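A.B. asks: here you go, sequence then predicted model.
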Amino acid sequence: PKTKYDYSKDKMRERLYHHLNMTSRSFAAVIQDLDEELKDAICLFYLVLRGLDTIEDDMTIELDTKIPYLKTFHEIIYQKGWTFTKNGPNEKDRQLLVEFDVVIEGFLKLKPAYQTIIADITERMGNGMAHYATAGIHVETIADYDEYCHYVAGLVGLGLSEMFSACGFESPLVAKRKDLSNSMGLFLQKTNITRDYLEDLRDNRRFWPKEIWGLYAEKMEDLVKPENCDKAKECLSHMVWNAMGHMKDVLEYLEMIKNPSCFKFCAIPQVMAIATLNMLHTNYKIFTHENIKIRKGETVWLMKESDNIDKVAAIFRLYARQINNKSNPLDPHFVNIGVACGEIEQIC
Ligand code: PS7
Ligand code: MN
Ligand code: MN
Ligand code: MN
Ligand code: MN
Ligand code: MN
């Protein structure tokens, strides 16, 4: 018997990829280049977490409302027809939540194995976000910083690794290396948090750990004061050095990835992160300007070059050396950064 072609599924996919293109700068391209088996699952993984993060980021929602949404989001994704219209008009990804029923529809069409991975990560991330959104709870210690970044990004790494192993594209070992998967997320998130100092502070969100900034200022917002310019730059190099601690794990993880489309998907955000770290290092502008980005041409080059481990390792060494060369010998992290660079010289 002839099977009817399901046009409604086409229409749904068009809406989903529309939302993907609207809400991500860097992930849209790499997700669309994934092999068919994983493309929709990872697109929906992205859109579900983007929805959750939009609620976390919206500082116009009262905590009494926000926290229950974060904690139950893993159940919401099973509720056909659910949409959210209460979030503030200025939140940039608002439209995704307004039309969230299409994300739910797509999610429910995925293979159950992928649904389970997405729902499990969403539950753990939502609870972690709820914890750090709670009044009086802040990122104080470096251990807190690693924990917060684990919730919002490390867990994404764990879930993606489980998908790579579950579909058979990668060995079961990839899912087993939760430490390396976590570092993949932490390297991206720490770069993002370091870059977004000013944007997050404007929204009254503080993700730089007090254990670090407290060495350089009385209050985190004092770093922007012109008279604290030198201390601010020392603090920044401390944050850059902390993020560089994950470079070795990132290269070790990428060395395991064999499927070419998975490799590019994993590698491109990481090379963009190290290029971004290089741009941030010793750059006082992060305290005065929001949304500092690497040049478009540099992004294009990085996306083209990141197709095998030897080239990616070379890119990491190139940027790490540039970071090292920019370091001021009088900076307290001069030696630490040099050591972090040295750690990736021999690997891969
Ligand atoms: C499922 C691809 C590849 C093993 C939305 C990709 C926000 C850095 O905070 O908007 O808005 O300024 O720049 C992505 C590991 C997660 C971590 C995390 C889901 C890599 C919700 C990305 C992405 C693991 C929480 C950038 C983590 O957002 O930041 C999929 C392997 C989402 C990955 C957030 C941040 C992503 C991020 P912000 P962005
Ligand atoms: Mn967030
Ligand atoms: Mn966000
Ligand atoms: Mn943001
Ligand atoms: Mn950010
Ligand atoms: Mn952002």
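C.D. replies: Received the coordinates, thanks. It should be emphasised that the depicted structure is a prediction, and the values quoted were computed from it without experimental measurement. Residues are numbered from 1 along each chain as shown. Ligands and ions are numbered 1, 2, ... in the order given.

A.B. asks: and the residue lying closest to Asp33 once chain neighbours are set aside, how far from Leu302?
C.D. replies: Distance criterion C-beta to C-beta, 6 or more residues apart in numbering; nearest residue to Asp33, sequence neighbours excluded, is Ser261 at 5.9 Å. For every residue, glycine as well, the C-beta is placed using N, CA and C. Note on Ser261: its distance to Leu302, by C-beta to C-beta, to the nearest Å, is 17 Å.

A.B. asks: neighbour-wise, which of those two wins?
C.D. replies: Neighbours per residue, other C-beta atoms under 10 Å: of Ser261 and Leu302, the larger number sits with Leu302, 22 against 17.

A.B. asks: pLDDT value on that one, please?
C.D. replies: The predicted local distance difference test score for Leu302 is 97.

A.B. asks: determine the three-state secondary structure at it.
C.D. replies: Under DSSP: H, G, I helix; E, B strand; the rest coil, the three-state class of Leu302 is helix.

A.B. asks: which ones are touching it?
C.D. replies: Applying C-beta atoms under 8 Å, 6 or more residues apart in numbering, we find Leu302 in contact with 268, 271-272, 275, 315.

A.B. asks: repeat the analysis, applying 6 Å as the threshold.
C.D. replies: 271-272 (C-beta atoms under 6 Å, 6 or more residues apart in numbering).

A.B. asks: same check on Asn228?
C.D. replies: Remark: with contacts taken as C-beta under 6 Å, 6+ apart, Asn228 is in contact with 217, 222.

A.B. asks: and the pLDDT at it?
C.D. replies: According to the per-residue confidence, Asn228 scores 96 in pLDDT.

A.B. asks: roughly how far apart are it and His289?
C.D. replies: Asn228 is 17 Å from His289, where distance means C-beta to C-beta.

A.B. asks: try Arg124
C.D. replies: According to C-beta to C-beta, Arg124 stands 34 Å off from His289.

A.B. asks: for the two, indicate the residue with more neighbours.
C.D. replies: The residue with more neighbours, out of Arg124 and His289 and counting by other C-beta under 10 Å, is Arg124; that gives 17 against 11.

A.B. asks: how about that one, what does it touch?
C.D. replies: Applying C-beta under 6 Å, 6+ apart, we find Arg124 in contact with Leu155.

A.B. asks: that one sits in which helix or strand?
C.D. replies: In the assignment (DSSP states H and E), Arg124 maps to helix 112-133.

A.B. asks: so what's the gap between that helix and the chain middle?
C.D. replies: In terms of C-alpha atoms, centre = their mean, to the nearest Å, the gap separating the centre of helix 112-133 from the centre of its chain is 15 Å.

A.B. asks: stretch 154-162 now?
C.D. replies: For stretch 154-162, the distance from its own C-alpha centre to the chain's C-alpha centre is 11 Å (C-alpha atoms, centre = their mean).

A.B. asks: how many other residues sit next to the closest residue in space to Leu97 that isn't next to it in sequence?
C.D. replies: Using C-beta to C-beta, 6+ apart and skipping residues adjacent in sequence, the residue nearest Leu97 is Phe84, 4.1 Å away. If you count neighbours by other C-beta under 10 Å, Phe84 ends up with 19.

A.B. asks: go on, Asp33?
C.D. replies: Burial of Asp33, expressed as a neighbour count using other C-beta under 10 Å, amounts to 14.

A.B. asks: do you know how far it is from Lys264?
C.D. replies: Relative to Lys264, Asp33 is positioned 6 Å away (C-beta to C-beta).

A.B. asks: can you check Leu155 too?
C.D. replies: If you go by C-beta to C-beta, the gap between Leu155 and Lys264 works out to 22 Å.

A.B. asks: which one of these two is surrounded by more residues?
C.D. replies: Regarding Leu155 and Lys264, a neighbour count based on other C-beta under 10 Å identifies Leu155 as having more, with 23 against 20.

A.B. asks: residue contacts, the more buried one?
C.D. replies: Counting by C-beta under 6 Å, 6+ apart, Leu155 touches 121, 124-125.

A.B. asks: in the stretch 151-300 of the chain, which residue sits nearest ligand 5?
C.D. replies: Among all residues of the stretch 151-300 of the chain, Asp196 sits closest to ligand 5, at 3.7 Å; criterion: C-beta to the ion.
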